[in-house]
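Novice: Turn this into a structure:
(chains A and B)
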Amino acid sequence: MIYLDNAATTSPKPEIVVRAVNKALRQYSANPGRGGHTPSVSAAQAVYDVRKAVQDFFRVPTEENVIFTSGCTESLNTVIKGVLKQGDHVVISTLEHNAVLRPLYKLKERGVIDYSVADIVCGDDEATINAFRNAINDQTRMIISTHASNVFGIRLPVERICALAHSYGILFCLDAAQSAGILDINVEDSGFDFVCCPGHKGLYGPMGIGLLLLGSDRLLDPLKEGGTGSNSAEPRMPAHYPDRLESGTLNTPGICGLGAGIRFLNMRGRRSAFRHEMRLTERLYHELADIEGVELYTPPPDPEHFVPVLSFNIRGHDSESVAAFLDQKYGIAVRAGLHCAPLAHRFMDTIDRGSVRAAPSVFTTENDIRILVKAVKNFMHTP
Amino acid sequence: MNNELILLPSVTYAMKAKSILDRYKIRSYIQRTPRNTAIKSCGYCLYVPDDTDEAERILRKNGVRVLGRASREV
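Specialist: Residues are numbered from 1 along each chain as shown, chains lettered A, B, ... in the order given. All right, here's what the predicted structure looks like:
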């Protein structure tokens, strides 16, 4: 099997991640932060060590501002529902995932908020920033932007969009679903108010773990209330982080797996991994571009403006049938369809058939790309 | 009454406080906050047998939210 669906989740997971999850289940199976006995304190220490590693990796102001969630979707929902109030307005980009669009749509449908979509201009950051600026109004409370499209790999100038937001007194939330562990994210220097990350994609952790990184101590309304092992006599949720946003028993195996994923990246070198993946993506782009009938949607991907995610189609064929062929005939796993990003597909005029998406990881080889290109060529000649 | 317990809001703060004191070579132990303290709620504290006042000052200086002090239950 050649796995090229790493934008959905990285696979395989590094061996140290597998071992860390296993160790957590065996050695840290007591409830962290719920007891004073040794096993509970040991589990809490393991969780704290990962919290600290995350703080260091993303340069979060303090370790308390690292919130463990079930995934990027929960992180985004926590920000959206914890910040927005009646009458607020939000600006998002045209490349947003349903994890951003759907919670906003629901709030809009209920008459709580309104939102506007800023059209990005691929390759023209100035025009993209202008689009965000033009979408701001007096009620705009927050800008939410993906760091990079999960369909087309296009990067947005998020540091500048964040600066724009702050110049208007508006909060900025970064959806780092396709960039956490891939691009450099420095919460403190960038000034991002909120950064939402999956643990199981570019950070190589297991599924079911995510991060919400807080740029400040601004108090969010919790998405859920419950036990925290602290302030238990109080019916209100604690005012301090991380407890305020971490009710219920934590996912210790997931957290330990995420910690191992970060160790893996630190050992492998995030920058070097990114360069490797971009090299493969660029090669794939150029080889596909040479095949008559292959449709590509962006300029050639370069590391300044893209992440290693590439979408294509084959003229006259829907994306699902191409992906099924690649899977069944060549054992190549790519993702077809809309990738939970209808805004992005409307923007690229691919909403009716979606696209075939290939995304390498550190484990992908030049040979994997060569076989994919060969398989696409053979698809053309298959009746 | 030595008030050798430093009361903290959560287990995360207890871990953070302990790691800071470790850097200063001050011995400390994480434990649950006893029920006989002024904090009538679940929580964690650090038992700092020696130099507790100095430890508290260090923690406050390093941005740790200290809820108070108490004596250790024996």
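Novice: For the chain, just list every one of the helices.
Specialist: By default, I'm working from chain A. Per DSSP state H, chain A carries helices over the ranges A:15-27, A:38-58, A:72-83, A:98-109, A:125-135, A:158-167, A:187-190, A:252-268, A:270-289, A:319-330, A:342-347, A:366-380.
Novice: switch to chain B, that's the one I care about
Specialist: B:11-23, B:52-61.
Novice: Send me the shortest one as CSV with only the CA atoms.
Specialist: Same thing as helix B:52-61. The C-alpha trace of helix B:52-61 is given here as CSV (Å, rounded to 0.1, in the frame of the first residue of the first chain):
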residue,chain,number,x,y,z
THR,B,52,8.8,27.2,52.2
ASP,B,53,8.7,31.0,52.3
GLU,B,54,11.5,31.3,49.8
ALA,B,55,9.7,28.6,47.6
GLU,B,56,6.5,30.6,47.7
ARG,B,57,8.3,33.8,46.6
ILE,B,58,10.0,32.0,43.8
LEU,B,59,6.7,30.5,42.6
ARG,B,60,4.9,33.9,42.6
LYS,B,61,7.8,35.5,40.8
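Novice: now that helix and helix B:11-23, what's the angle there?
Specialist: If you take axes from the mean of the first three to the mean of the last three Cα atoms, to 10 degrees, helix B:52-61 sits at 120 degrees to helix B:11-23.
Novice: Show me what counts as buried in stretch A:22-31.
Specialist: A:24, A:28, A:30-31 (16 or more other Cβ atoms under 10 Å in any protein chain shown). For the C-beta atoms, the positions are set from N, CA and C on the backbone; glycine is no exception.
Novice: farthest pair in these?
Specialist: Spatial extent of these (Cβ to Cβ) is set by the pair A:24 and A:31 at 12.6 Å.
Novice: could you list every residue that touches residue A:175?
Specialist: Residues near residue A:175 by Cβ atoms under 8 Å, 6 or more residues apart in numbering or on different chains: A:72, A:76, A:96-97, A:99-100, A:144-147, A:196.
Novice: redo that, cut-off 6 Å
Specialist: By Cβ atoms under 6 Å, 6 or more residues apart in numbering or on different chains, the residues touching residue A:175 are A:100, A:146, A:196.
Novice: List the beta-bridge partners for the second one.
Specialist: Under DSSP bridges, the beta-bridge partners of residue A:146 are residue A:175.
Novice: Could you report the neighbour count for it?
Specialist: 29 (other Cβ atoms under 10 Å in any protein chain shown).
Novice: cool, the last one as well?
Specialist: Other residues lying near residue A:196 total 32 when counted by other Cβ under 10 Å.
Novice: Quick check: the gap between the nearest residue to it once chain neighbours are set aside and residue B:20.
Specialist: Nearest residue to residue A:196, sequence neighbours excluded (Cβ to Cβ, 6 or more residues apart in numbering or on different chains): residue A:75, at 3.6 Å. Note on residue A:75: its distance to residue B:20, by Cβ to Cβ, to the nearest Å, is 28 Å.
Novice: Quick one: name the residues of chain B near chain A.
Specialist: Residues of chain B lying close to chain A by Cβ under 6 Å from any Cβ of the partner chain are B:9-12, B:15, B:30-32, B:40-43.
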